[in-house]
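Novice: Take a look and give me a structure for this.
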Amino acid sequence: MTETDGPDRATADRATPADSDRAIPADSDRATPADSDRATPADSDRATPAGSAEELERAERAVMTELDPGARAMVVAGLVLILLVTFALPHAGAASGFDVLSGSDAAVAESIALPSRIFVVLVLTFGVVMSVLALVTRMWVLAWAALAGCAVSSVFGMLSIWSRQTIPVNLQGAGPGIGLIIAWIAVMALTFHWLKAVWNKTNSQLAAQEQRRVAAASGEQKLRLWDGHSAP
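Specialist: From the prediction side, this is the model:
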């Protein structure tokens, strides 16, 4: 009985390690890496470009529609206030800016020409109203409108001063008043600041578009690399 038990025990001792070493790695080493290594990159590499593309799209949309003048907003607000004050100052003789705007008897007595009337209307519409709306709403379109209107106002301001200096002999009227001169200088300064704000906005738009294109190209490249590695 001792002789037969010896070979049986030796066989059992030799069979047990072989079964354990071959069976356990077959379940753990083959199944676990396949599930972890194949599932995790697919979720991370495909989800990250999509998320970054959506964030860049939202940022680009905000850059396209919104305007952030920064500290320049205080300068624009100050110039708008100066334009409002010039309406109470004389534009020609005893005629103030409000007289020129309304066409009162004082404006008629000073022989106010058409360029002066157009100038005060443009200053009130674009230099004051449109500029305030652009500052409050921070809309890029309104800033463009304020820029264009102030640029045209600058031209008519120059024509207004020229018309006051070239009054015909048969008409009565004084030269350009202090209100007209200050309004012309203020609207030119306002044109410059709106131009700087819109120009900086355009550069930000181009930078956002370029960043979005780079992110989209990077995401497509990652997806192609992953599809190439995962292909059988």
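Novice: quick one: residue 198 and residue 124, what's the gap?
Specialist: 21 Å (CB to CB, to the nearest Å). Where you see a C-beta, it was placed from the backbone N, CA and C, and this is true even at glycine.
Novice: same deal with residue 97?
Specialist: Note on residue 97: its distance to residue 124, by CB to CB, is 9 Å.
Novice: Strands of this structure, start to end?
Specialist: Here the chain has its strands, by DSSP state E, at 90-92, 95-96.
Novice: what comes into contact with the shortest one?
Specialist: Contact partners of strand 95-96, identified using CB atoms under 8 Å, 6 or more residues apart in numbering, comprise 87-90, 104, 106-107, 109-110, 112, 177, 179.
Novice: got the contact list for the residue nearest to residue 175 when sequence neighbours are not counted?
Specialist: Leaving out its chain neighbours, the residue that sits closest to residue 175 by CB to CB, 6 or more residues apart in numbering is residue 164, at 5.2 Å. By CB under 8 Å, 6+ apart, the contact list for residue 164 reads 92, 113, 116, 173-176, 180.
Novice: Out of those, who's the most crowded?
Specialist: Neighbour counts for the contacts of residue 164 were taken using other CB atoms under 10 Å; the highest belongs to residue 92, with 29 neighbours.
Novice: partners of that one in the sheet?
Specialist: Assessed by DSSP bridges, residue 92 has beta-bridge partners residue 95, residue 176.
Novice: mind starting the numbering at 21 from now?
Specialist: With 21 as the first residue, the last one maps to residue 112.
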